[in-house]
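Student: here is my input; please provide its structure:
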Amino acid sequence: MSIIAENVSKVYGTQYALKNVSFSIGEGEIVGLLGPNGAGKSTLMKIITCFIPPTSGNVTVYGNSIFDNTLEIRRNIGYLPEQNPLYTDMYIREFLRFIAGVHKLDNINKRVEEIIETTGLTPEANKKIGQLSKGYRQRVGLAQALIHDPKILILDEPTTGLDPNQLTEIRSLIREVGKTKIVILSTHIMQEVEAVCSRAIIINHGQIVADKPTEQLHTMRINRYHVEFDNDVQVSKLKQVQGVKQLNQLSPTKFVIDANENTDIRKTLFDWAVANNLAILTIQKDEQSLETIFQELTK
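Tutor: Now for the predicted structure:
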């Protein structure tokens with residue numbers, strides 16, 4: 001694996017920003033780093049990029065420890081922050097040549113033309129950055145993050161404020177880049193992860209609460225039913241129905257029931273109601289969205 005985090009913790013005073021976080025990421029993975037505000041996403045990114053040290057634990061990037069080889073790690077990372085810092089009075093080529101010079105690249109003009117083509121900036125390449133739309137400014141931000149051909153690309157909320165067409169274009173560009181690099185995409189939007197990422201790591205209160213391939217996120221849905229009976233129900237008996245995992249009583253006759261995973265308890269509930277001289281007036285199974293899953297994991 002190319003990035004390995006081992007029991008990483010960060011403490012500010014008595015408060016844990018991260019607590020015993022461990023994971024590994026390999027080449028060709030686009031990983032969505034999700035969590036509510038204050039969950040620890042930014043702290044984790046700052047540790048990976050050697051901006052701040054952890055209180056305990058370690059991160060190695062392509063075999064280099066963040067404590068020993070910070071310059072080598074930084075050379076391998078491209079970063080696009082949420083507030084894309086661009087010199088709006090500079091022309092696109094002028095700005096990218098400046099960034100290439102900071103990285104001390106050889107054959108700067110050739111590399112600038114390559115990255116302009118890669119990021120789809122060619123139609124606007126003769127404009128000043130201040131004349132560009134939000135979508136093209138994001139492309140310039142990606143170009144400066146990629147110009148030194150890093151092995152790792154870290155993106156912080158890269159599609160904020162884009163219209164649907166721009167959103168599709170930037171997502172497509174990220175997927176293309178992710179074929180040969182590690183991409184870590186920080187966001188709190190579940191659809192973003194589903195559309196772009198191959199894997200999701202969800203952080204809450206400084207701890208990883210889920211780490212799954214994106215196609216498996218749907219399996220985390222809670223099996224939930226809303227049920228109304230025609231008469232008062234003995235809660236103790238209802239709790240004993242096979243497959244019932246958790247019970248939330250809304251009224252003497254209305255309940256929200258969480259069932260065991262992959263168990264459809266509707267027939268079992270109907271049979272139980274008949275055996276107890278009850279009738280079910282309504283029963284509805286929840287179709288949970290990915291946002292609901294996120295809320296359940298991070299509330």
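Student: then Ala143 would be within a helix, right?
Tutor: Yes - the assignment for Ala143 by DSSP: H, G, I helix; E, B strand; the rest coil puts it in a helix.
Student: tell me who's in contact with it.
Tutor: Ile92, Leu96, Ile115, Ile116, Thr118, Thr119, Leu121 (Cβ atoms under 8 Å, 6 or more residues apart in numbering). For every residue, glycine as well, the C-beta is placed using N, CA and C.
Student: so which residues make contact with stretch 264-274?
Tutor: Outside stretch 264-274, the residues touching it (Cβ under 8 Å, 6+ apart) are 223, 225, 227, 229, 238, 241-244, 257, 259, 279-280, 283, 285.
Student: show me which positions of that stretch end up buried.
Tutor: Using 16 or more other Cβ atoms under 10 Å as the test for burial, stretch 264-274 gives Ile265, Leu269, Trp272, Ala273.
Student: same check on stretch 163-182?
Tutor: Those would be Gln166, Leu167, Glu169, Ile170, Arg171, Leu173, Ile174, Val177, Gly178, Lys181, Ile182, for stretch 163-182 by 16+ other Cβ under 10 Å.
Student: from Arg137, how far off is Gly161?
Tutor: Going from Gly161 to Arg137 by Cβ to Cβ, to the nearest Å gives 10 Å.
Student: which of these two has more neighbours?
Tutor: Arg137 (21 against 12; other Cβ atoms under 10 Å).
Student: look at that one and give its secondary structure.
Tutor: helix.
Student: for it, what are its contacts?
Tutor: By Cβ under 8 Å, 6+ apart, the neighbours of Arg137 are Asn84, Leu86, Ile129.
Student: separate out the buried members of those.
Tutor: Buried among the contacts of Arg137 (16+ other Cβ under 10 Å): Asn84, Leu86, Ile129.
Student: out of those, which comes closest to Gln207?
Tutor: Asn84 (29.7 Å; Cβ to Cβ).
Student: that closest one against Leu142, yeah?
Tutor: No - in this structure Asn84 lies outside contact range of Leu142 using Cβ atoms under 8 Å: 9.2 Å.
Student: make CSV from the contacts of Ala143 and add secondary structure to it.
Tutor: Below are those laid out as CSV (three-state DSSP):
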residue, secondary structure
Ile92, helix
Leu96, helix
Ile115, helix
Ile116, helix
Thr118, helix
Thr119, coil
Leu121, coil
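Student: widest-spaced pair of the residues you listed?
Tutor: Going by Cβ to Cβ, the pair spanning the contacts of Ala143 furthest: Ile92 and Thr118, at 13.2 Å.
Student: neighbour count for these two, which is higher?
Tutor: Neighbour totals were compared for Ile92 and Thr118, and Ile92 leads with 26 against 17 (other Cβ under 10 Å).
Student: show me the contacts for that one.
Tutor: Shown in contact with Ile92 (Cβ under 8 Å, 6+ apart): Ile116, Leu121, Glu124, Ala125, Asn126, Lys127, Lys128, Ile129, Leu132, Val140, Ala143.
Student: what about those, which are in helices?
Tutor: The helices, defined by DSSP state H, take in Ile116, Val140, Ala143 from these.
Student: residues near Leu290, how many?
Tutor: Leu290: 18 surrounding residues under other Cβ under 10 Å.
Student: find the nearest non-adjacent residue to it, please.
Tutor: Met190 (3.8 Å; Cβ to Cβ, 6 or more residues apart in numbering).
Student: need the contact list for the one you found.
Tutor: Leu34, Leu217, Ser289, Leu290, Glu291, Ile293, Phe294.
Student: for the stretch 151-299 of the chain, what spans make up the helices?
Tutor: Assigned by DSSP state H, counting those that start in this stretch, the stretch 151-299 of the chain shows helices spanning 164-177, 190-196, 235-238, 266-275, 290-298.
Student: what helices and strands are in contact with the third one?
Tutor: If you count contacts as 3 or more Cβ pairs under 8 Å, 6 or more residues apart in numbering; DSSP states H and E, helix 235-238 packs onto strand 244-249.
Student: contacts for the strand it packs on?
Tutor: For strand 244-249, the surrounding residues in contact (Cβ under 8 Å, 6+ apart) are Asn223, Val235, Leu238, Lys239, Phe255, Val256, Ile257, Asp258, Ala259, Asn260, Ile265.
Student: the fourth one: how many residues sit nearby?
Tutor: Close neighbours of Lys239, defined as other Cβ under 10 Å, add up to 12.
Student: for Ile77, give its distance to Lys127.
Tutor: Applying Cβ to Cβ, the value for Ile77 to Lys127 is 28 Å.
Student: more neighbours: which of these two?
Tutor: Ile77 (20 against 14).
Student: which ones are touching that one?
Tutor: Contacts of Ile77 (Cβ under 8 Å, 6+ apart): Ile48, Thr49, Val61, Pro150, Lys151, Ile152, Leu153, Ile154.
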